[in-house]
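Q: A predicted structure for the sequence below; I have some questions about it.
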Amino acid sequence: MMPAMRGPALLAAALACGFAVHAETDPPLSAEAFETFVQGRTFDTHDQTGRYGVETFLPGRRAIWRDAERCLEGRWRPQGALICFDYPGEPQPYCWTYHDRGDWLMAWLDGDRANPPILLYPSPEIVTCEGYFGV
C-alpha cells in the first residue's frame, strides 16, 4: 500500500507543476486503453485530502467500489471521451476522463479540469462487498 502522504503530496506537486494541461495535449484514455490499463487490477483512489476509496476492475467492464460509507458493484461504459460508472441505486452515473501517468492514473469528474483531479494508484487489495457493513 502507498504511504499515507504520497497521494496528497503528489497531487499538490502535480497541481503546482501544471498538470492541468489543455485537453489537446493530454488526451484522455480511450475506453479500450482504459480497459487494458485497469482490468484485473485494484486502485486506491486519492483526492486532495488523501485516500478515500478503493476500486477493483473485473472482466466484462464490471467494477466494485468501496469507501467508508458504501460498497457498490456496477459497470463502466464509454460515453464520448468519458468513462461512466453505473451503480444500482445511484441516481446518476459517475463520469470521468482518465489520463495515464505511467503506473497510475489521474482523472477529472465529468472531464472538467476546473475541478481538482483524483489520483488512482495500484493496490494489492482485492475489493469485494462480501461481509461489508459500511460505517
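A: Right, received. Where do you want to start? Numbers count the residues shown, from 1 in each chain.

Q: I'd guessed Asp103 sits against Pro122; true?
A: Yes: look at Asp103 against Pro122 with Cβ atoms under 8 Å: they come within range, at 6.3 Å. (Glycine included, C-beta is placed from N, CA and C.)

Q: Spatially central residue in the chain, please.
A: Leu120 (5.2 Å; Cα atoms, centre = their mean).

Q: In this structure it contacts Arg101, no?
A: No: contact criterion Cβ under 8 Å: Leu120 and Arg101 do not qualify, at 9.0 Å.

Q: Next one: Leu109 from Trp96, what distance?
A: 6 Å (Cβ to Cβ, to the nearest Å).

Q: So for the two, which sits in the more crowded spot?
A: Between Leu109 and Trp96, Trp96 has the larger neighbour count (other Cβ atoms under 10 Å), namely 25 against 15.

Q: check contacts around the more buried one.
A: Listed by Cβ atoms under 8 Å, 6 or more residues apart in numbering, the contact set of Trp96 reads Leu82, Ile83, Cys84, Phe85, Ala107, Trp108, Leu109, Asp110, Gly111, Ile118.
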